[in-house]
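Trainee: Provided below for reference: sequence and predicted model.
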Amino acid sequence: MSSSSVRPVVFGLRLATWYATLFVLAAIAILYLTYYVTAASLAQRDHQILQSKLGEYATAYQRGGLAALTETVRAEQLTAPERLFVRVIDRGSEVLVVSMPEGWNPDLLETASLQLPNGAVVQVGKSTEARRDLLSRFRTVLALVTLVIVGIGLAGGWLVTQAALEPIRRLTSAVRRIVRTGRTDQRVQVQEPRDAIYELTTLFNAMLDRIEGLVSGMRGALDNVSHDLRTPLTRLRGSAELALRGPADAERYREALADCIEESDRVLVMLNTLMDISEAESGAMPLVRETLPLGNVLERAVDLYRDVAEAKGVALTVQADPDAIVSGDRVRLEQVAANLIDNAVKYTPRGGRIAGSVRRTGDRVELVVEDTGAGIAADELPRIWQRLFRGDRSRAERGLGLGLSLVRAIVEAHGGTVAVASEPGRGSTFTISLPTP
Ligand code: ADP
């Protein structure tokens, strides 16, 4: 319990950390890029100022020689708002003009120089102090902004992650509730938008529907099977009890034991068939699907009953369309065909005819078993598909009343339908319709 409740938090933290890290790194990258672009453009501006100054001084020198240059420098020192350091050195390294604004630190100067035509060199310089001050304030602000960004990143990451994890948390608590209570009727609320969580929740609910269907199907099957087996087991016990009550006679005991064996065989067959029906009805029957011609399935079932039909004097014919292909479990579909042929042979008196056929009609494949037998009374017709139902006039024949229930359950598990048309005294027609693959 503790590990399962801790894990989402750890996951959330990890997600939040990732988010915050990426967010903070991206923001810091942008801030520092801005810083370096600003620093570079300030340096470039200073450089341009110095170059243009050098240009002006060169022009002054051309105009009136060193005197004009000195005059220009002096005049500028008095009027120019942006004061510069200026030095003119002649060829002999003698300083001719120098102008150094007061209070400037010579180490914090950015300089540029130009050689005049007479060989003297003009040097101009600009203090970088103001620039440094500005950038240092910029750095302080950057550090503060970075701290704020880290805070926002962490808080935002946490909030975003919590919001993103909320549907997962709802799903987890629903699953936990179901695991704890064992109740599969609970559902997780599906919420827009239609994203991956929406799909997962919908699928989870669909899975619960399916599990609930299976569980209630199996529960119903268990109830039915235990109810249906009660009668034959009581009968079995009755035979044994009766034999024991009378005088001890080996022959009587032998007969009673033989009855018991016969009855328990019936119970076993019944149990297996009931389980098959329940499995198929609840959707739990494992179907080994393959693409196969339904005609083959019918032919194999007919082959099984050919001798019985011949012995009974009933004509058995089969007609199969080779294009009638279905996707189904061969063994189960053979069981369907065999049950229908078995009934037709059982309930068709001597001289009758049975015609089995398989045909394709549009996007369906039909298997039809038609007989000229006893037929089914109108009031019995809707009940023949029920478990353990046996027609009034069929009691003389062997049977458990489970054949048609199994037929319907298997066919419906294949996505097909069953139908019957019958006229008492004239015969019956059973039609199985299956979808084409
Ligand atoms: P069973 O044959 O063991 O009695 P089924 O479930 O196969 O059980 O059939 C249920 C009932 O439907 C039968 O008891 C019988 O009354 C009726 N029935 C089924 N098939 C036919 C048929 N081909 N002709 C007449 N009646 C039939």
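Mentor: Arrived safely. Numbering: from 1, shown residues only.
Trainee: Following the chain past the least confident helix or strand in the chain by mean pLDDT, name the next helix or strand.
Mentor: Across the helices and strands of the chain, mean pLDDT, DSSP states H and E gives its lowest value to strand 95-99, namely a mean of 71. Moving toward the C-terminus from strand 95-99, the next helix or strand (DSSP states H and E) is strand 109-115.
Trainee: Show me what that next one is packed against.
Mentor: Judged by 3 or more CB pairs under 8 Å, 6 or more residues apart in numbering; DSSP states H and E, strand 109-115 is in contact with helix 2-79, strand 121-127. Using the backbone N, CA and C atoms, a C-beta is placed for each residue, glycine as well.
Trainee: Return the most buried member of the ones you listed.
Mentor: Comparing those by mean neighbour count (mean count of other CB atoms under 10 Å), strand 121-127 comes out on top with a mean of 21.
Trainee: Pairing partners for that strand, with directions?
Mentor: Using DSSP bridges, strand 121-127 pairs in its sheet with strand 85-89 (antiparallel), strand 109-115 (antiparallel).
Trainee: And the pLDDT at residue 178?
Mentor: Here the pLDDT value assigned to residue 178 is 80.
Trainee: Give me the helices and strands touching the one helix or strand it maps to, please.
Mentor: Assessed by DSSP H and E, residue 178 sits inside helix 129-181. Under the contact criterion of 3+ CB pairs under 8 Å, 6+ apart, helix 129-181 touches helix 2-79, helix 196-245.
Trainee: and residue 129, which of the ones you listed is closest to it?
Mentor: Residue 129 sits nearest to helix 2-79 of all the helices and strands packed on helix 129-181, at 11.4 Å, using CB to CB.
Trainee: Helix, strand, or coil at the residue in the stretch 51-200 of the chain that the ligand sits nearest to?
Mentor: Per CB to the nearest ligand atom, residue 184 is where the stretch 51-200 of the chain lies closest to the ligand, at 32.3 Å. Recorded secondary structure, residue 184: coil (DSSP: H, G, I helix; E, B strand; the rest coil).
Trainee: looking at the helices and strands packed on strand 109-115, which is closest to residue 334?
Mentor: Nearest of the helices and strands packed on strand 109-115 to residue 334, taken as CB to CB: helix 2-79 at 48.2 Å.
Trainee: now the angle between helix 129-181 and the closest one, please.
Mentor: Angle, helix 2-79 to helix 129-181, by axes from the mean of the first three to the mean of the last three CA atoms, to 10 degrees: 170 degrees.
Trainee: residues of stretch 306-320 that come out buried?
Mentor: Neighbour-count burial for stretch 306-320, with 16 or more other CB atoms under 10 Å as criterion, is recorded at 309, 312, 314, 316, 318, 320.
Trainee: List just the nearest of those residues to the ligand.
Mentor: Closest approach to the ligand among the buried residues of stretch 306-320 (CB to the nearest ligand atom): residue 314, at 11.4 Å.
Trainee: thinking the closest one is in contact with residue 341, fair?
Mentor: No: counting by CB atoms under 8 Å, residue 314 does not reach residue 341; the two are 10.6 Å apart.
Trainee: Which residues of this protein lie near the ligand?
Mentor: Selection of the chain residues close to the ligand by CB under 6 Å from any ligand atom yields 343-344, 347, 371, 373-376, 384, 389-391, 394, 399-405, 428.
Trainee: rerun that using 5 Å as the cut-off
Mentor: 343-344, 347, 373-374, 376, 384, 390-391, 394, 399, 401, 403-404, 428 (CB under 5 Å from any ligand atom).
Trainee: before we move on, the earlier item: and the least confident helix or strand of the chain, C-alpha only, in PDB?
Mentor: Extracted in PDB, the C-alpha atoms of strand 95-99 (Å, rounded to 0.1, in the frame of the first residue of the first chain):
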ATOM      1  CA  VAL A  95      53.800  64.100 -26.400                       C
ATOM      2  CA  LEU A  96      52.500  67.100 -28.200                       C
ATOM      3  CA  VAL A  97      48.900  67.300 -26.900                       C
ATOM      4  CA  VAL A  98      47.400  65.400 -24.000                       C
ATOM      5  CA  SER A  99      43.900  65.700 -22.600                       C
END
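Trainee: distance between that strand and the chain's centre?
Mentor: Centre-to-centre, strand 95-99 and its host chain are 83 Å apart (CA atoms, centre = their mean, to the nearest Å).
Trainee: sorry, back to before: pick the most deeply packed of the strands paired with strand 121-127.
Mentor: The highest mean neighbour count among the strands paired with strand 121-127, using mean count of other CB under 10 Å, belongs to strand 85-89: a mean of 20.
Trainee: what is the mean pLDDT for that one?
Mentor: Averaged over strand 85-89, pLDDT sits at 84.
Trainee: Report the separation between residue 109 and residue 339.
Mentor: 109 Å (CB to CB, to the nearest Å).
Trainee: I'd guessed residue 202 sits against residue 191; true?
Mentor: No: counting by CB under 8 Å, residue 202 stays clear of residue 191, with 10.6 Å between them.
Trainee: just to revisit the earlier point, which among the helices and strands packed on strand 109-115 is found nearest to residue 240?
Mentor: Per CB to CB, nearest to residue 240 of the helices and strands packed on strand 109-115: helix 2-79, 54.3 Å.
Trainee: ok and that closest one relative to strand 95-99, angle-wise?
Mentor: Computed with the same axes, to 10 degrees, the direction of helix 2-79 lies at 120 degrees from that of strand 95-99.
Trainee: For helix 2-79, name the packing helices and strands.
Mentor: With contacts taken as 3+ CB pairs under 8 Å, 6+ apart, helix 2-79 sits against strand 85-89, strand 95-99, strand 109-115, strand 121-127, helix 129-181.
Trainee: one step back: comparing the helices and strands packed on strand 109-115, which gets the lowest mean pLDDT score?
Mentor: Ranked by mean pLDDT, those bottom out at helix 2-79, which scores a mean of 82.
Trainee: Low-confidence stretches in the chain?
Mentor: Applying pLDDT under 70 to the chain flags the ranges 1-9, 80-82, 97.
Trainee: which ones are touching the residue positioned nearest the centre of it?
Mentor: Geometric centre of the chain, nearest residue: residue 200, 5.5 Å, by CA atoms, centre = their mean. Counting by CB atoms under 8 Å, 6 or more residues apart in numbering, residue 200 touches residue 171.
Trainee: rerun at 6 Å
Mentor: Contact analysis of residue 200 by CB atoms under 6 Å, 6 or more residues apart in numbering lists nothing.
Trainee: what does residue 218 give?
Mentor: Per CB under 6 Å, 6+ apart, neighbours of residue 218: residue 282.
Trainee: what residue of this protein is the furthest out?
Mentor: Computed with CA atoms, centre = their mean, the residue of the chain farthest from its C-alpha average is residue 67, at 88.8 Å.
Trainee: Look up how far residue 384 lies from that one.
Mentor: The gap separating residue 67 from residue 384 is 132 Å, by CB to CB.
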